[in-house]
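In: 3D model of this:
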Amino acid sequence: MKVAIVSGNTSSMIEDADTIAEFLNNGSFEIVKRGTVSASSKSIGRELTKYTPDILIVIGSDRTLLNVLLSLGEVSVPVLPVASRGHPGFLFDVTSSDFEQIVDDISEHKWTEERRTRFVASIGKKKTPPFLNEIAIFPRRTATLLRYSLFLDDEEFWRDGSDGVIVSTPTGSTAYAMSGGGPIILHPACVFNIVSVNSGNPARKPLVVPDDIRVEIRNLTSSVSIDAVVDGQTRLPVKEGNVVFQKSHADAVFVKFTDERVAALHGKLMRKTEVRDERASDLPPSAKLVLKVLEYQGSMTQKQIIDETNLPPRTVRYALSLLVSENLVKKQISLRDSRQALYAIKEG
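Out: Below is the predicted model:
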């Protein structure tokens, strides 16, 4: 069986990738590609077409997985997400510490493929790669009004003024769209989820429409520049005022194990998470928020945490000091820049 391995670029993710590669080298596997996700990883999809692996193992966090899926473009290969240490994720059934237990399941093909719908968007003359979660359209400066018109199959459905607008897949309905007040949509519903964020019209509610229609955001205007953020990873300027959404013909394909196997693997992960949550129960809300962000995003600098949480710098510094003192978070020097510190969930 041909296997490709891609990991995030933190030291713990790379170490986990090395460990998993050792497990695979001892079995009936051929590792055809190894790499890390970085700013120069846009060619992952093109590279994989040369090797045509049976499975692509992605080791890291939600952010790692979303980056890899975007870089794959329309390449269709079964993806096995493996959560690195301290990085539980929404689409991760397997953690790096559990990987040895499912090596035989992989080689004996005791798994199935689960397909999840992705969308594409045309922003002016540019087309985005297929995205798994959402595109969020916001003015570049916060607390700035965005005006736009929503068209469905070329018919105007509403005009609105709001903080922004999110168009998500069913998978993305539990991500950014949900925080904006959108509904939870169960996979595999064939729909678009459209959420106007903090609309000036109190009657403006989230909209769910079939995914076989053309969704278009027209007449986008604001007093500042407007950006479209793809899956929280890629920021694209919206200069021509229109964004068109359509269902992609290239689904995301995931390796899925039986419910019994996933339940057995999740038992240990859930116990670890419950213990951590119990230890953090008496901490202030800001510290709990920082802890959850580190759980889902992986190692981050203080500035990255501030940007992600929108908390004041003083509050983030205080939260980090509490988490470090409670032995929930570790502080280490960045290998890329010794002047910066990285914060990450502490194991054990």
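
In: Show me the strands in the stretch 1-150 of the chain, by range?
Out: 2-7, 30-36, 55-60, 79-83, 94-95, 112-116, 119-123, 126-127, 134-139, 146-152 (DSSP state E, counting those that start in this stretch).

In: Restricting to C-alpha, output stretch 211-224 in PDB.
Out: C-alpha atoms of stretch 211-224 as PDB (Å, rounded to 0.1, in the frame of the first residue of the first chain):
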ATOM      1  CA  ASP A 211     -26.400  23.300  -3.100                       C
ATOM      2  CA  ASP A 212     -27.400  22.900  -6.700                       C
ATOM      3  CA  ILE A 213     -28.200  26.500  -7.100                       C
ATOM      4  CA  ARG A 214     -25.900  29.500  -7.800                       C
ATOM      5  CA  VAL A 215     -25.300  31.600  -4.800                       C
ATOM      6  CA  GLU A 216     -23.900  35.100  -5.500                       C
ATOM      7  CA  ILE A 217     -22.900  37.900  -3.200                       C
ATOM      8  CA  ARG A 218     -23.100  41.100  -5.300                       C
ATOM      9  CA  ASN A 219     -22.600  44.900  -4.800                       C
ATOM     10  CA  LEU A 220     -20.200  44.400  -1.900                       C
ATOM     11  CA  THR A 221     -19.200  47.800  -0.500                       C
ATOM     12  CA  SER A 222     -17.600  49.100   2.600                       C
ATOM     13  CA  SER A 223     -15.600  52.200   3.700                       C
ATOM     14  CA  VAL A 224     -12.500  50.000   3.900                       C
END
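
In: The chain should start at 10 in everything you say after this.
Out: All right, first residue 10 from here; so that's stretch 220-233.

In: How about that stretch, which residues are buried there?
Out: 220, 222, 224-226, 229, 231 (16 or more other Cβ atoms under 10 Å). Every C-beta, even on glycine, is put in place using the N, C-alpha and C of the backbone.

In: sorry, back to before: please render the strands of the stretch 10-159 of the chain as TSV that adds mean neighbour count and distance to Ala184 to the earlier fields.
Out: TSV is the format used below for these (neighbours: other Cβ atoms under 10 Å; distance: least, Cβ to Cβ, whole Å):
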stretch	mean neighbour count	distance to Ala184
strand 11-16	23	21
strand 39-45	16	24
strand 64-69	27	17
strand 88-92	25	15
strand 103-104	23	20
strand 121-125	14	13
strand 128-132	20	13
strand 135-136	12	22
strand 143-148	24	6
strand 155-161	20	20
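
In: Dump these to JSON lines, plus distance to Thr183.
Out: Listed next are the strands of the stretch 10-159 of the chain as JSON lines, based on distance: least, Cβ to Cβ, whole Å:
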{"stretch": "strand 11-16", "distance to Thr183": "24"}
{"stretch": "strand 39-45", "distance to Thr183": "27"}
{"stretch": "strand 64-69", "distance to Thr183": "19"}
{"stretch": "strand 88-92", "distance to Thr183": "16"}
{"stretch": "strand 103-104", "distance to Thr183": "20"}
{"stretch": "strand 121-125", "distance to Thr183": "12"}
{"stretch": "strand 128-132", "distance to Thr183": "16"}
{"stretch": "strand 135-136", "distance to Thr183": "26"}
{"stretch": "strand 143-148", "distance to Thr183": "10"}
{"stretch": "strand 155-161", "distance to Thr183": "22"}
